[in-house]
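K.L.:
Give the three-dimensional model of this entry:
(chains A and B)
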Amino acid sequence: MGKEMTGAEMVLQALRDHDVEHLFGYPGGAVLPIYDEIFQQEEIRHILVRHEQGAGHAAEGYARSTGKPGVVLVTSGPGATNMVTPLTDALMDSIPLVCITGQVPTHLIGTDGFQECDTVGITRPCTKYNWLVRDIAELPRILHEAFHVATTGRPGPVVVDIPKDVQFATGTYYRPNGQGRSSYQGYEPRLNGDPTQIERAVELMASARRPVLYTGGGVVNSGPEASQLLRELVAATGFPITSTLMGLGAYPASGKNWLGMLGMHGTYEANMAMHDCDVMVCIGARFDDRITGRTDAFSPGSVKIHIDIDPSSINKNVRADVPIIGDVGRVLAEMLKDWKARAPKPDLGAWWKQIDTWKARRSLAYRPNADVIMPQYAIERLYAATKDLDTYITTEVGQHQMWAAQFYHFDQPKRWMTSGGLGTMGYGLPAALGVQVAHPDSLVIDIAGDASVLMTMQEMSTAVQHDLPIKIFIMNNCYMGMVRQWQQLLHGNRLSHSYMESLPDFVRLAEAYGCVGIRAEKPGELDDALAEMIKVKRPVLFDCRVANLENCFPMIPSGKAHNEMILPAEADSEAEAAFAGGKALV
Amino acid sequence: MSDPTTMTGKPALTPPASAYFIEERHDPEEAHTLSVLVDNEPGVLARVIGLFSGRGYNIESLTVSETEHEKHLSRITIVTRGSRAVLEQIKNQLVRLVPVHRVTDLSEVARARNQEKPLERELALVKVAGKGEKRLEALRLADAFKAEVVDATTEHFIFQMTGRSTKVEQFISIMQPMGLVEVCRTGVAALSRGAEPS
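P.N.:
You can find the predicted model right below:
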């Protein structure tokens, strides 16, 4: 039975009907009717940010750490355009977001009205789907559809653009039908993998001598059962396993079959195993160019099994021999059943012996220093200080992000929030806000760089207002480190605009925001400073002064294959040589 | 086991024959006609076109109209060109769009049914102005092409002609010396041949 109410009331009712507890947003002229409804209720908590981009990333952090959709409310025009970056970020990393934007009244659309922009036009390529609601009668269906599309299949961001007159108009609201089906007949994500293909995959896996599991964010997105099944599959098969940046934690880093992350800054053993394997099982990953390196030299001798819920991921970058379209969790369950029905495990002794020789190269080794904090050391100490606590990690983008992925070890999914696909500097601080909102009693740390963190620094004010005790651990090397590293290796060390001149004093900045500022400059100070950071129950800016010119290794130079990695031991001399004339390689 | 790092180790399984790198630029390209059935929602055409421009695919011809009014379904017919891998990616990307019901590669359907091509037709309006002998010649040629006169004065004709794109091209070029003024073409409309639906 429908109920009469205004469009603004419908928005709040729909949020309640979809179990939304938190909303990230920023008011403005075209959303005032909805903000008026927010004022008159207490069930849904609104977190006021300082910039709409902050709301978007906070909602991403919220979504990624809970598995629920993140919800954002912003105004028309600049409110909507400021959401473009988080929407694109969420699309690339498959994060479910529902973004509600205000729009100028229907009769003003197309007149270049104040704070008008073509929101659905601008966000069309950066959303999974979007709607402009022209009629109040359409609003309930579209709101329910928005949640359905965002959270089903390959998750992603959606936008519902609601003109102000539609927010004021009265219409009949009806609840979601509860059938979990879309009104779009063409939208029906395939969940169950083709049993014949699964059987073929298991057959290949059983006859493999040098197999590897290559997993990604799809395992995390599929839900906790998928991560559990992955662990069971690894235990049952004895296969070595590596993961993309987005998939860290699905299989525990402390697990004995773990090879570490693969890709451009992945471990030697992970990349060599990928290169030399005879059967590759790609589970919820998409053969991104940071993973494959040169595609024509990518894992040349292997048969590739690819499990993905999105048919367009299959055969996009790398040809799959056995494509399996479906939900990772469901496919893994079937695979495991098929596997257990077979008797003998393949003998992988020789393969593991080979992997051990690669591991012995110690590709993550770095030179310790007694006077300067090495960035790798900083993360190792941070990990040691927080691994037994209920910790969530977010990052910004750059060297610190790669070091975090290499040296912070995740044993559980949904504990690691990072901008993988889009590579958005400024993601980590607001994402940490979102995580902290969802997990108020947990320790939430943004491993940041000095350049990235300034892009969304204003959200420290949000942290203070909403009592969100996030810890911003800034690995301060006074550079855009990754840019500087590429300039050193590819552009003759001409450090064009990568030196962060006039950095603020982060400790005094923290104080200006009403947060706590902590600084560590020497390795000897680090542990005590970290203990203090963890103890403080307020937001912290931690200025960790690290070695300025350290490079992130190992590294596959662009345009090279997995077995052409540069290891830290050979970095100084060989890196320059390997990169000589490499300018064109991007 | 031989040292796998040198890649001389013989894989236990036969490696697939296909090349892994599908971005090979020299792959031969072919033109395919795609038939895309969509919910006729605002913006659906922009979504389809945006997908092509955003991902760098080609559109050689595009035709769209609502075809089933009660169900609000439109049929978009796209002639595109690309390597086999790119064509497969185009179809997968189209299917991923929420309002897309079905994508049919009519060229593949024709191939599977041992037909040369799907049934493809285009309509053109061709305006020709002139007097005397040229005018008569234009009329004679139009007759040979089974083009119909749909508008005329003593100084001009507008011919309407339908046919395969190649025939339309031919007609237009032959009208060039006859005083061709302007041309409007609909783009390709296409269905699979035979009783079964596309």
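
K.L.:
Next, the residue nearest the centre of chain B: phi, psi?
P.N.:
Closest residue to the average C-alpha location of chain B: residue B:79 at 2.1 Å, with CA atoms, centre = their mean. Dihedral pair for residue B:79: phi -100, psi 120, per degrees, to the nearest 10.

K.L.:
Quick one: residues contacting it.
P.N.:
B:31, B:32, B:33, B:34, B:59, B:60, B:61, B:62, B:187, B:188 (CB atoms under 8 Å, 6 or more residues apart in numbering or on different chains). The C-beta positions use only the backbone N, C-alpha and C, and glycine is treated the same way.

K.L.:
Quick check: it vs residue B:36, distance?
P.N.:
Distance of residue B:79 to residue B:36, computed by CB to CB, to the nearest Å: 12 Å.

K.L.:
just residue A:411 next, same as before
P.N.:
46 Å.

K.L.:
need the strands for the stretch 51-200 of chain A, in chain order.
P.N.:
A:70-74, A:97-103, A:129-132, A:157-163, A:170-173 (DSSP state E, counting those that start in this stretch).

K.L.:
Need those in CSV (columns: mean pLDDT).
P.N.:
Shown next, in CSV, are those (pLDDT from 0 to 100):
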stretch, mean pLDDT
strand A:70-74, 98
strand A:97-103, 98
strand A:129-132, 98
strand A:157-163, 98
strand A:170-173, 98
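
K.L.:
and of the ones you listed, who's closest to residue A:538?
P.N.:
Residue A:538 sits nearest to strand A:70-74 of all those, at 24.4 Å, using CB to CB.

K.L.:
got the CA positions of the closest one in PDB?
P.N.:
The C-alpha coordinates for strand A:70-74 follow below in PDB (Å, rounded to 0.1, in the frame of the first residue of the first chain):
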ATOM      1  CA  GLY A  70      27.900   4.200   0.900                       C
ATOM      2  CA  VAL A  71      25.400   7.000   0.600                       C
ATOM      3  CA  VAL A  72      26.100  10.600  -0.300                       C
ATOM      4  CA  LEU A  73      23.900  13.700  -0.500                       C
ATOM      5  CA  VAL A  74      25.100  16.800  -2.300                       C
END
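
K.L.:
Show me what it packs onto, helices and strands only.
P.N.:
strand A:22-25, helix A:52-66, strand A:97-103 (3 or more CB pairs under 8 Å, 6 or more residues apart in numbering or on different chains; DSSP states H and E).

K.L.:
Compute the inter-axis angle for it and strand A:157-163.
P.N.:
If you take axes from the mean of the first three to the mean of the last three CA atoms, to 10 degrees, strand A:70-74 sits at 30 degrees to strand A:157-163.

K.L.:
ok, strand A:70-74: who's next to it in the sheet?
P.N.:
Here strand A:70-74 is paired, per DSSP bridges, with strand A:22-25 (parallel), strand A:97-103 (parallel).

K.L.:
now these as a markdown table including mean neighbour count and distance to residue B:140?
P.N.:
Compiled in a markdown table, these are given as follows (neighbours: other CB atoms under 10 Å in any protein chain shown; distance: least, CB to CB, whole Å):
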| stretch | mean neighbour count | distance to residue B:140 |
| --- | --- | --- |
| strand A:22-25 | 26 | 71 |
| strand A:97-103 | 28 | 58 |
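
K.L.:
and residue A:85, which of those is closest to it?
P.N.:
Of all those, strand A:97-103 sits nearest to residue A:85, with 12.0 Å by CB to CB.

K.L.:
Off-centre distance for the closest one?
P.N.:
21 Å (CA atoms, centre = their mean, to the nearest Å).

K.L.:
Next: stretch A:245-256.
P.N.:
14 Å.

K.L.:
how far away is the residue nearest to the centre of chain B from residue A:242?
P.N.:
If you go by CB to CB, the gap between residue B:79 and residue A:242 works out to 43 Å.

K.L.:
Same question for residue A:459.
P.N.:
To residue A:242, residue A:459 is 34 Å away according to CB to CB.

K.L.:
surely residue A:499 meets residue A:479?
P.N.:
Yes - shown here, residue A:499 and residue A:479 form a contact pair, counting by CB atoms under 8 Å, at 5.9 Å.

K.L.:
Quick check on these two: which one has the bigger neighbour count.
P.N.:
More crowded of residue A:499 and residue A:479, by other CB atoms under 10 Å in any protein chain shown: residue A:479, with 22 against 14.

K.L.:
what separates the more buried one from residue A:307, distance-wise?
P.N.:
40 Å.

K.L.:
wait, which of the strands of the stretch 51-200 of chain A is closest to residue B:166?
P.N.:
strand A:129-132 (38.7 Å).

K.L.:
anything in the closest one near chain B?
P.N.:
Yes - counting by CB under 8 Å from any CB of the partner chain, chain B has neighbours in strand A:129-132: A:129, A:132.

K.L.:
what's in contact with that strand?
P.N.:
With CB under 8 Å, 6+ apart, strand A:129-132 has contacts from A:103, A:119-120, A:123-124, A:142, A:145-146, A:149, A:158-161, A:163, B:42-43, B:98.

K.L.:
Which parts of chain B are helices?
P.N.:
In chain B, the segments counted as helices under DSSP state H are B:44-54, B:84-96, B:106-112, B:132-144, B:165-175.

K.L.:
For the shortest one, name the packing helices and strands.
P.N.:
Right, the one you point to is helix B:106-112. Using 3+ CB pairs under 8 Å, 6+ apart: helix B:106-112 touches strand B:30-39.

K.L.:
Show me what the strand it packs on is packed up against.
P.N.:
By 3+ CB pairs under 8 Å, 6+ apart, strand B:30-39 packs against helix B:44-54, strand B:73-82, helix B:84-96, strand B:100-105, helix B:106-112, strand B:189-191.

K.L.:
residues of the second one that come out buried?
P.N.:
Put plainly, it is strand B:73-82. B:73, B:74, B:75, B:76, B:77, B:78, B:79, B:80, B:82 (16 or more other CB atoms under 10 Å in any protein chain shown).

K.L.:
Among those residues, which one lies nearest to chain A?
P.N.:
residue B:73 (9.3 Å; CB to the nearest CB).

K.L.:
show me the contacts for the closest one.
P.N.:
B:37, B:38, B:39, B:40, B:66, B:67, B:101.

K.L.:
tell me the domain ranges of chain B?
P.N.:
Per automatic domain parsing, the structural domains of chain B span B:30-112, B:119-191.

K.L.:
Could you tell me the average pLDDT over the first one, please?
P.N.:
Rounded to a whole number, the mean pLDDT of domain B:30-112 is 95.

K.L.:
In three-state terms, label residue A:376 for me.
P.N.:
helix (DSSP: H, G, I helix; E, B strand; the rest coil).
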